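Q: Whatever this is, show me its structure:
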Amino acid sequence: MTDWSRLHHAYGTAEDVPGLLAAVGPDAQDPGWTKLWSRLCHQGTVYSASYAALPALTAMARQWSAVDRRMTLCLAGSIVASTDQPYGDEDPQVTYASQISELAQLTDEALQDPGLADDPTYYVHLLAALLSFQGVEVWGEQFDGLNDEEYEVPCPTCSTENFIAFGEYGFFSTTDSMYMKSPTSARQVPLQPQAPAALEGLAQRLHSRTLADGQPDIARKLTYVFGSAQCAECDAVFSVEEAIVAQWG
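A: Modelled structure (predicted):
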C-alpha cells in the first residue's frame, strides 16, 4: 500500500493524488487532468508521487477503450520521459518495468485507432508516449516538436541558434525567431529531406509506422527531421536529428 503522505508532487504532500486519480474520467476536458498534470508533471518536472502514480494510470488505461485512454497514456508517457527529476534519481524503467511494458502495449493499440487519422496532433502525443515507454532517449520528450513544426538547435559549427521549420511556413532553416511574420528579410535556407528509402533505424521505424497508421503528413515531416539543414549564419550543413539529440540528450 502506497503511503502518499510520504510522497510529494509540485505543490507539496501527495495525499490528494489518490482522490484525483479516482475521480478523473476519460474526457480530455475533465478538469481533473489539469490538476493531475500540474501536480505530477509540472512543466516537465517529476516528483516521487509521479512515479508512484504509474500503477494507477496503467490500471485506468487497461480498463478504458483505446479512444478513452489517450489522456492516461500521454500523462504516463510524459512522466516516464522526463529527465527533470530534481528530487531523486529513480529510474521508472526499472522500478515500474511491468507497468511500462503494459503501457507500451496499450499505447500501441491506441495508435491503431482509425479515429486518429483526423487527429494527427493527438497521434504525435501518443507516439511520443510510446517512445517513452520503449526507453528511446530524447525523442520521448522531443517528438512533440512535430506538432510545433519547429526545432530550435545550435549550429554544430558556429553555435548560432537555428530555427528548423517544417510545416505551414515552409521547410527551411533561419536565425530569425519571428520567421512566421510576413514580410521578413531573414535568410531562409531550404532543408534537405532524407529519402524514405535511405532512412535507417529509428527514423525508418517511425516513418514506416506513421504511414501504416494513416499519417502521411507526419511521415513527410519525419523525412525533414531526419534530413539535413544548412546553418543560416555560417552555411555549415548538419544533421537535424544529431543536432536535436545533442541539444537535449
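
Q: can you pull out the helices in this structure?
A: Remark: helices assigned in the chain by DSSP state H are 17-23, 31-40, 48-52, 54-63, 70-81, 92-95, 97-111, 120-133, 139-142, 145-148, 201-212, 216-225, 240-248.

Q: Return the most buried member of the ones you listed.
A: Mean neighbour count (mean count of other Cβ atoms under 10 Å) peaks for helix 70-81 among the helices of the chain, with a mean of 26. Backbone N, C-alpha and C define where each C-beta goes, glycine included.

Q: Just the angle for that helix relative to helix 97-111, thanks.
A: Orientation check (axes from the mean of the first three to the mean of the last three Cα atoms, to 10 degrees): helix 70-81 against helix 97-111 gives 130 degrees.

Q: Give me the distance from helix 70-81 to the chain's centre.
A: 9 Å (Cα atoms, centre = their mean, to the nearest Å).

Q: residue contacts, S228?
A: 191-192, 194, 237-240 (Cβ atoms under 8 Å, 6 or more residues apart in numbering).

Q: Neighbour-wise, which one of those leads?
A: Counting neighbours by other Cβ atoms under 10 Å, V240 comes out on top of the contacts of S228 with 23 neighbours.

Q: Surely that one touches E152?
A: No. Using Cβ atoms under 8 Å, V240 is not in contact with E152, being 11.4 Å away.

Q: Please enumerate the shared neighbours of the two.
A: Joint contacts of V240 and E152 (Cβ under 8 Å, 6+ apart) are I164.

Q: And the protein, split by domain according to the record?
A: 4-122, 145-248 (automatic domain parsing).

Q: could you dump the helices of the chain to JSON lines with mean pLDDT?
A: As requested, those are arranged in JSON lines below (pLDDT from 0 to 100):
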{"stretch": "helix 17-23", "mean pLDDT": "97"}
{"stretch": "helix 31-40", "mean pLDDT": "97"}
{"stretch": "helix 48-52", "mean pLDDT": "96"}
{"stretch": "helix 54-63", "mean pLDDT": "97"}
{"stretch": "helix 70-81", "mean pLDDT": "97"}
{"stretch": "helix 92-95", "mean pLDDT": "93"}
{"stretch": "helix 97-111", "mean pLDDT": "97"}
{"stretch": "helix 120-133", "mean pLDDT": "97"}
{"stretch": "helix 139-142", "mean pLDDT": "94"}
{"stretch": "helix 145-148", "mean pLDDT": "96"}
{"stretch": "helix 201-212", "mean pLDDT": "97"}
{"stretch": "helix 216-225", "mean pLDDT": "98"}
{"stretch": "helix 240-248", "mean pLDDT": "97"}
